[in-house]
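Chemist: Predicted model and sequence follow; I will ask about them next.
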Amino acid sequence: MQLTTFSVRGLRSLHDLRDVPVRKPTVLTGANDSGKSTALLALKILLADQSIEERDLSLSPAGERATEVVVEGVFAVGPAEQAELGLDPEAKIRRVARGGASQLEVSCIVPEDARLRGLASRPLMELKQIAEEVGVTPVGPKTAKATYLAALEEHSASLPTTVDWVAVDRRTEAALPVLLFFDGVAPESPQDAVQKALSVAYRGHLADSTIKERVTGIEKELEERLTVDGAALCSHLSNRCTDLDTVSVRPSVALAGKGLAVELSTGPTGAAVPLAASGAGRSRRISLATWEWTAGAAARAGDDDAPARDVLIAYDEPDTHLDYTHQRTIMKMIDDQCAGSHIAMIIATHSMNLIDGVDLDSIVHLTQEDGRTRVTRLGSSDGHAEADAMLRNLAADVGLRNSVLIHERLFVGMEGESEEKAMPILFRKYTGRHAQAAGIALWPCRGNVGAVRFAEFLMANGRRVAFVVDHDSKVGNRSHFTERKLARVGLTPAQTHYVGGPNELEELFTDERWAAVANEQWPRTDGRPWEIADIRACRKGKFSATWCETISSASGIRLTKPMMAFEVARSIHAPEDVPAQLRTIFDALLELAAD
């Protein structure tokens, strides 16, 4: 049974958070106090019956506390579980916590008459009373519960039904995914981490068909199996922590008690001591290695006869306490853990590396407005998977990382390669800071119609968009950046800045500057310096192409227009030397980003 989405009501800032997807992995992002850790707490409530305090209840603007917390999950149920548990392929299960107690409930078709619900769990005396109330006379031994149960179930099958929430039976509760929670902000002790890691294997062994047939008297067998699991963990720890001569794990099983206990010892041969008595540095390394090994434990949670129980791994800031080496390998560990068909994962993080390491549609961005957490997901509004994939690929092609798509305030498309090379430099020379520091993401359009579609995608997801294109692209049937075509996707004239003197970026720079740059970067082979007249002669037609060809011919250097634009931008040192038209555009972009 796999959790696919969950919704939360009444928990801290999650007044009414709906349909958070659970994938392989899902990455939760957002500012501090946006609700990321609270969303993970909600999963603890749903899957692990985490208790809550009064202060965890949502507070309304009027200062009133919510009366209950409701965490509802949508689960994909496999064919075998459907047959065993009587559930539909998609099941809605929720946990309602109120007054210090909680109840797990499933949404299903039930008799309208509440007395006829949950008959199998009722005692014989209560079944007799219900039968008398509804006028059912059972056939069979009057002292047998089965007699009354069969009669009442047959009677209820002929009556009207409704969809309602009813208490979950033990078998369904036992089939819920195992939640493995790792807190990078306040990491647990290595002893607890090892206990949790081996618990996955422990639950898998309990599901073994041979063990099901003889629950009593199998403690020794389980200990032997867990010893093998522990040996694999010990081998992994020894490889990762080479200063340890010996590492041993001693599991003990008591099915009637706490189930599984683990004591982890490390140290030189013959002098092993419990880890609790070891130094902090050693404990830290073992915790990290155990975290990595957990992927293997989850993958080995079942066998051919007993399929593995589904596992949901939840990380809260997993790389907070990782050193540089582990930060580089964290995505591989996540990929390895998500490889199992029965594994899902959700990660709350600020890490740009993690955000940029997953598909765009796996990111859930949380924001808080008026004390309420809201969900933002980047995706095309039509919901077509092919369109989503195209837009994600386009974002990657133009160099926009996930973290940029989520956090930047303004996206500015630059039509050509010359603008792509020159604009970031000119912006910094004029404003004194990089565009990204101002909340502006510059991205190259490269004359592609896909850039216009990408702009439409960004605006549909609440992002501000502007274009900076050559003035000669304002007209012409072949241009994708005419006012008419941009208006079709919702771009106003105020969002489109056409540059040129009159037609293109390169024309904005003075003859004197071009001459100085050419003499420094592309000297003529005939020994004559470049003069202002050389530049003026090129302004009679398509300036950039003519000037580029003239330089290449006279200097013997194979020059391109983007190289030419880069060097002229680099030659500027004072803000006032940036062409006035560009200064006006940059001011407008700064104002738009600040709104």
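Modeler: Looks like it came in fine. Just so you know, these numbers come straight off a predicted model, no measurement behind them. Residues are numbered from 1 along each chain as shown.
Chemist: I355: which element?
Modeler: According to DSSP states H and E, I355 maps onto helix 352-356.
Chemist: Tell me where the stretch 151-300 of the chain has helices.
Modeler: 170-174, 190-206, 209-212, 219-240, 280-299 (DSSP state H, counting those that start in this stretch).
Chemist: Any buried residues in the helix holding I355, and which?
Modeler: 354-356 (16 or more other C-beta atoms under 10 Å). For glycine as for every other residue, the C-beta is placed from the backbone atoms N, C-alpha and C.
Chemist: so what secondary structure elements neighbour whichever helix or strand comes after that helix?
Modeler: Using DSSP H and E, the helix or strand that follows helix 352-356 in sequence is strand 363-369. Applying 3 or more C-beta pairs under 8 Å, 6 or more residues apart in numbering; DSSP states H and E, one finds that strand 363-369 contacts strand 26-30, strand 372-376, helix 402-407.
Chemist: contacting residues around the second one?
Modeler: Taking contacts as C-beta atoms under 8 Å, 6 or more residues apart in numbering, the residues outside strand 372-376 that touch it are 13-20, 34-35, 38-39, 364-368, 461-462.
Chemist: how about 6 Å then?
Modeler: Strand 372-376 has contacts (C-beta atoms under 6 Å, 6 or more residues apart in numbering) with 13-15, 17, 35, 364-367.
Chemist: related to what we said a few turns ago, ok, of the helices of the stretch 151-300 of the chain, where does mean pLDDT dip lowest?
Modeler: Ranked by mean pLDDT, those bottom out at helix 280-299, with a mean of 62.
Chemist: what element comes up after that helix heading to the C-terminus?
Modeler: strand 311-316.
Chemist: now that following strand: mean pLDDT?
Modeler: For strand 311-316, mean pLDDT is 89.
Chemist: what's that strand packed up against?
Modeler: Contacts defined by 3 or more C-beta pairs under 6 Å, 6 or more residues apart in numbering; DSSP states H and E place strand 311-316 against helix 36-48, strand 178-183, strand 343-348.
Chemist: would CSV of these with mean pLDDT, mean neighbour count and distance to G100 be doable?
Modeler: Formatted as CSV, the helices and strands packed on strand 311-316 follow (pLDDT from 0 to 100; neighbours: other C-beta atoms under 10 Å; distance: least, C-beta to C-beta, whole Å):
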stretch, mean pLDDT, mean neighbour count, distance to G100
helix 36-48, 95, 22, 13
strand 178-183, 82, 20, 21
strand 343-348, 92, 24, 27
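Chemist: Just send the ones you listed back as a markdown table, with distance to A167 too.
Modeler: Output for the helices and strands packed on strand 311-316, formatted as a markdown table (distance: least, C-beta to C-beta, whole Å):
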| stretch | distance to A167 |
| --- | --- |
| helix 36-48 | 15 |
| strand 178-183 | 21 |
| strand 343-348 | 25 |
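Chemist: L152 is nearest to which of the ones you listed?
Modeler: Closest to L152 of the helices and strands packed on strand 311-316, according to C-beta to C-beta: helix 36-48, at 31.7 Å.
Chemist: Outline the domain layout of the protein.
Modeler: As assigned by automatic domain parsing, the chain contains the domains 1-112+160-177+310-377, 188-302, 378-595.
Chemist: Which is the succeeding secondary structure element to the helix or strand containing Q103?
Modeler: Assigned by DSSP H and E, Q103 falls within strand 101-111. Downstream of strand 101-111, the first helix or strand assigned by DSSP H and E is helix 124-134.
Chemist: what's next to that next one, contact-wise?
Modeler: Identification of contacts with helix 124-134 by C-beta under 6 Å, 6+ apart yields 115, 145, 148.
Chemist: if we can go back for a sec, any chance of the domains of the chain in TSV, plus distance to V134?
Modeler: Shown next, in TSV, are the domains of the chain (distance: least, C-beta to C-beta, whole Å):
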stretch	distance to V134
domain 1-112+160-177+310-377	10
domain 188-302	37
domain 378-595	47
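Chemist: Between the ones you listed, which has the poorest mean confidence score?
Modeler: Among those, domain 188-302 carries the lowest mean pLDDT (a mean of 68).
Chemist: what's across from F6 in the sheet?
Modeler: V20, G73 (DSSP bridges).
Chemist: For it, give its distance to K24.
Modeler: 15 Å (C-beta to C-beta, to the nearest Å).
Chemist: what does I286 give?
Modeler: For I286, the distance to K24 - C-beta to C-beta - is 27 Å.
Chemist: Mind checking which of those two has more residues around it?
Modeler: Set side by side, I286 and K24 show more neighbours around I286, with 25 against 20, by other C-beta atoms under 10 Å.
Chemist: which one among the buried residues of helix 352-356 gets closest to A569?
Modeler: Using C-beta to C-beta, the shortest approach to A569 within the buried residues of helix 352-356 belongs to D356, at 27.7 Å.
Chemist: can I assume the closest one is in contact with R401?
Modeler: Yes. At 4.5 Å, D356 and R401 qualify as touching, with contact defined as C-beta atoms under 6 Å.
Chemist: next one: the strand or helix carrying F454 to chain centre, how far?
Modeler: Element membership for F454 (DSSP H and E) is helix 449-460. In terms of C-alpha atoms, centre = their mean, to the nearest Å, the centre of helix 449-460 is found 23 Å from the chain centre.
Chemist: Next secondary structure after that helix?
Modeler: As assigned by DSSP H and E, the chain's next helix or strand after helix 449-460 is strand 464-470.
Chemist: Any buried residues in the next helix or strand after that next one, and which?
Modeler: Following strand 464-470 in sequence order, the next helix or strand is helix 483-488 (DSSP H and E). Going by neighbour count (16+ other C-beta under 10 Å), the buried part of helix 483-488 is L486.
Chemist: Please consider this matter closed, and thank you.
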